[in-house]
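> Build me a structure from this.
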Amino acid sequence: MAHSKKDALYEATNWFVELTSGEATDTDRKEWQRWLNASPENRQAWEQVETVTNCFMGLDSKTSIAVLNRPIDTRYIQSQERRQVIKTLSLLIAAGTAGWYGYQQKPWQVLLADYSTAVGEIKQLVLDDGTQLVLNTDTKLSVHYDEQVRNVRLLQGEVYVETAEDPNPTYRPFILTTEHGTIKALGTKFSTRLIHERSCVNVYEHAVEVSPINGYGDKVVVNRGEAVKFTVDLFQQKMLFDASILGWTKGFLVVDNMPLKTFVEELSRYRTGMMRCDPAIADLEISGAFPVKDIDGALRSITKTLPVRVESYTRYVTMLKPA
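Okay, the predicted model is just below:
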């Protein structure tokens, strides 16, 4: 009986679920190997699964198969979330390669996060090698260290990084990955933020090397005091920035002559709900250091320095209007 590609994809998906269930036995793994060798269609289907799980697990191709020989590490995903991702993964594989690549940047990826912050939360972390991270509000990231590389993938939000000297005897580059490309640390302190269709990098010490995913090998070195924004295809001209913007790591939004509309957009990142600025006052400029843990206090201080008033319709809707 002919074995269709669709059948092979469903079987490959089922094998993936079985091998990562935490209940697979040596007999199961031998059966999987026999199935894999049974036909070119099976091997082709498994390669497609491997492509998906490679991104799903955040691993390189050399280790993805090895991971399938042991239960999924709970650091990657909790059991309930894991079931949801597996269900999504099964649908993507069944839809074929085009379905996967058309969907791979969708929000389900945030389920892969090892670490996350809620809206308004700022969290400090120290990784196994001593690298220090500070996660800004509503941020999600995953971490994967192996013998070849130290990789942090920023899935959402913003992170500040202070890389540590790698204790591993074999050199492992530190690479921060976003959906748009990679930032390779050259012994450094830097921050990365995802904004709409681009990644933004600010360097506070030493340098980083930025490479867009579809940049055809193009790279740019960003030095201390420089910032760059990049998409999947290219990076914009480097520019200078004020290091005071790092105030968020200490819980403050530090601004200097920032348009009120932009300021409200930044402040709204730290509160659930909607915060808007009336167009009539959008161009007013504001300076100062405002605590992101006390949004109401920050808003009150604005009314003391600018001709504006704050109207709250519910705890989730706040408007700034002319006084």
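
> Now do the end-to-end distance for stretch 136-155.
12 Å (CA to CA, to the nearest Å).

> Enumerate the positions of it that are buried.
136-145, 150-155 (16 or more other CB atoms under 10 Å). Glycine gets a C-beta too; all of them are placed from N, C-alpha and C.

> ok, the residues you listed vs residue 201, which is closest?
For the buried residues of stretch 136-155, the minimum distance to residue 201 (CB to CB) is 10.5 Å, reached by residue 154.

> Which helix or which strand is home to that closest one?
For residue 154, the host element (DSSP states H and E) is strand 150-156.

> Could you pull up the mean pLDDT of that strand?
Across strand 150-156, pLDDT averages out at 94.

> So what's the gap between the helix or strand following it and the chain middle?
Counting by DSSP H and E, the next helix or strand C-terminal to strand 150-156 is strand 158-162. Relative to its chain's centre, strand 158-162 lies at 11 Å (CA atoms, centre = their mean, to the nearest Å).

> Check stretch 184-201 too.
11 Å.

> For that stretch, buried residues please.
The neighbour-count check on stretch 184-201 (16+ other CB under 10 Å) flags 184-186, 188-194, 198-201 as buried.

> low pLDDT regions in the stretch 1-150 of the chain?
Applying pLDDT under 70 to the stretch 1-150 of the chain flags residues 1-6, 10, 17, 20-22, 50-112.

> ok, which stretches of it are helices?
5-19, 26-37, 40-57, 61-67, 79-95, 97-103 (DSSP state H, counting those that start in this stretch).

> List the contacts of the residue nearest to residue 46 when sequence neighbours are not counted.
In this structure, residue 46 finds its nearest non-sequential neighbour in residue 12, 5.0 Å apart by CB to CB, 6 or more residues apart in numbering. When contacts are counted by CB atoms under 8 Å, 6 or more residues apart in numbering, residue 12 touches 42, 45-46, 48-49, 93.

> possible to save these as JSON lines with distance to residue 236?
Output for those, formatted as JSON lines (distance: CB to CB, whole Å):
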{"residue": "42", "distance to residue 236": "46"}
{"residue": "45", "distance to residue 236": "41"}
{"residue": "46", "distance to residue 236": "40"}
{"residue": "48", "distance to residue 236": "35"}
{"residue": "49", "distance to residue 236": "37"}
{"residue": "93", "distance to residue 236": "36"}
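
> what's near enough to touch the spatially closest residue to residue 269 that is not a sequence neighbour?
Nearest residue to residue 269, sequence neighbours excluded (CB to CB, 6+ apart): residue 137, at 5.2 Å. Contact analysis of residue 137 by CB under 8 Å, 6+ apart lists 117-122, 157-158, 269-270, 292.

> and what of residue 163?
Residues near residue 163 by CB under 8 Å, 6+ apart: 131, 174, 185, 187-189.

> low pLDDT regions in the stretch 201-323 of the chain?
Those would be none, if you go by pLDDT under 70 across the stretch 201-323 of the chain.

> mind listing the strands in it by residue range?
207-212, 220-223, 226-230, 239-240, 252-259, 274-277, 285-291, 308-314, 317-322 (DSSP state E, counting those that start in this stretch).

> Of all those strands, which one is nearest residue 265?
The nearest among these, by CB to CB, is strand 274-277 at 8.0 Å.

> Would you mind measuring from residue 224 to residue 295?
Note on residue 224: its distance to residue 295, by CB to CB, to the nearest Å, is 32 Å.

> Of those two, which one has the most company?
Higher neighbour count among residue 224 and residue 295: residue 295, with 18 against 15, using other CB atoms under 10 Å.

> Would you confirm that the more buried one contacts residue 271?
Yes - judged on CB atoms under 8 Å, residue 295 makes contact with residue 271 at a distance of 4.9 Å.
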